[in-house]
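> Compute the structure for the input listed below.
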Amino acid sequence: MSIHRTIARACASSALAGLILGISLAAQAGDDALSARVTGFLRSENAGIGDHISVTVNTPTARMPACQDPQPFLPGQAARTTGRITVGVRCPGDSPETRYVQADVRVYGRYYVASHEINSGDTLTAGDLESREGDITRDLNRLPDSESAIVGQQARRRIAESQTIVSNMLEAPDVISRGDSVKVVSKGPGFSITTHGKALDNATAGANVRVRTSNGTVVSGKPDGPGVVVVSP
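Numbers count the residues shown, from 1 in each chain. Model (predicted):
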């Protein structure tokens, strides 16, 4: 084999390698641009949730032509924007024009755990709680949004030490219990009448409660603190 032919083949191989590398780099750049656009879209969709959001976009392993103008969207009636989700991407003028990628959106923020075992029926105080920071994605829609949303609530069941406190573990305590002697205040434009009676129901703040007054009449009103029911005409 002549030296000239060897050199020619070497040059051709080098050119081919350069072409393949160029195509690979262009495809990688396209994937990076698409991932960046999807990441920005998901961050925008989850703005204001938690303290920090982490987005990982998994682009298809099979190389597709570059998407020149990625336009992300949530397919169908997708309501969930956290956890493992599918994101659609429109690529006007490119083929295929619509693509789908998988993404994992993790939300990090503050949550509360029981600082010790809490019994069913206990009214929670700040001393029953311990604040922590971490991944709250799984319980995102069940976590009380602040300490004040927990303090004063009653445990619906036993809560173990260090267990994450979620909303369905709690319930508002009764302000008035059935059989309680209560003051009944009837209010209207320019008047206020007070009488007394006995509660016929248990009632939390804001709930309706029936009261049998001292003259035997049954009225319905709302608790205004322990032992007081306000009746509006």
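
> Give me the domain ranges for the protein.
3-107, 111-171, 174-231 (automatic domain parsing).

> Can you report how many residues neighbour the residue nearest to D122 when sequence neighbours are not counted?
Distances taken as Cβ to Cβ, 6 or more residues apart in numbering place A155 nearest to D122, at 5.0 Å, with adjacent residues excluded. From N, CA and C alone the C-beta is placed, and that goes for glycine too. A155 has 19 neighbours, counted by other Cβ atoms under 10 Å.

> Let me see the contact set for A155.
Applying Cβ atoms under 8 Å, 6 or more residues apart in numbering to A155 gives the contacts 118-122, 124, 169-170.

> Determine which two of these are furthest apart.
Greatest spatial distance in the contacts of A155: N119 and L170, 13.4 Å, computed using Cβ to Cβ.

> neighbour count winner among these two?
Under the criterion of other Cβ under 10 Å, the comparison of N119 against L170 puts L170 first, with 19 against 9.

> beta partners of the more buried one?
A155 (DSSP bridges).

> in this structure, which spans are strands?
In the chain, the strands defined using DSSP state E lie at 52-58, 71-73, 83-90, 98-114, 129-135, 154-155, 170-171, 174-176, 181-188, 191-199, 203-204, 209-213, 218-223, 228-231.

> which stretches of the chain have low pLDDT?
1-31, 61-63 (pLDDT under 70).

> Show me the residue at the heart of it, geometrically.
L140 (3.4 Å; Cα atoms, centre = their mean).

> Report the contact partners of it.
Contacts of L140 by Cβ under 8 Å, 6+ apart are 49-50, 82, 107.

> and these, which two are the farthest apart?
G50 and T82 (9.0 Å).

> Overlap of the contact sets of the two?
107, 140.

> which of the strands of the chain sits most buried?
strand 174-176 (a mean of 22; mean count of other Cβ atoms under 10 Å).

> other SSEs contacting that one?
Applying 3 or more Cβ pairs under 8 Å, 6 or more residues apart in numbering; DSSP states H and E, we find strand 174-176 packed against strand 203-204.

> for the strand it packs on, packing partners?
Using 3+ Cβ pairs under 8 Å, 6+ apart: strand 203-204 touches strand 174-176, strand 218-223.

> Could you provide those in JSON lines, with additional columns for distance to R37?
Formatted as JSON lines, these follow (distance: least, Cβ to Cβ, whole Å):
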{"stretch": "strand 174-176", "distance to R37": "52"}
{"stretch": "strand 218-223", "distance to R37": "52"}
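
> out of the ones you listed, nearest to N202?
strand 174-176 (4.7 Å).

> Which strands border that closest one, and is each parallel or antiparallel?
When DSSP bridges is applied, strand 174-176 pairs with strand 203-204 (antiparallel).

> Not counting the strand it pairs with itself, show me its contacts.
171-176, 209, 222-223.

> Could you identify the pair within those that is furthest apart?
Maximum distance among the contacts of strand 203-204 (Cβ to Cβ): 17.7 Å, for E171 and K222.

> surely L34 meets Q68?
No. Using Cβ atoms under 8 Å, L34 makes no contact with Q68, being 10.0 Å away.
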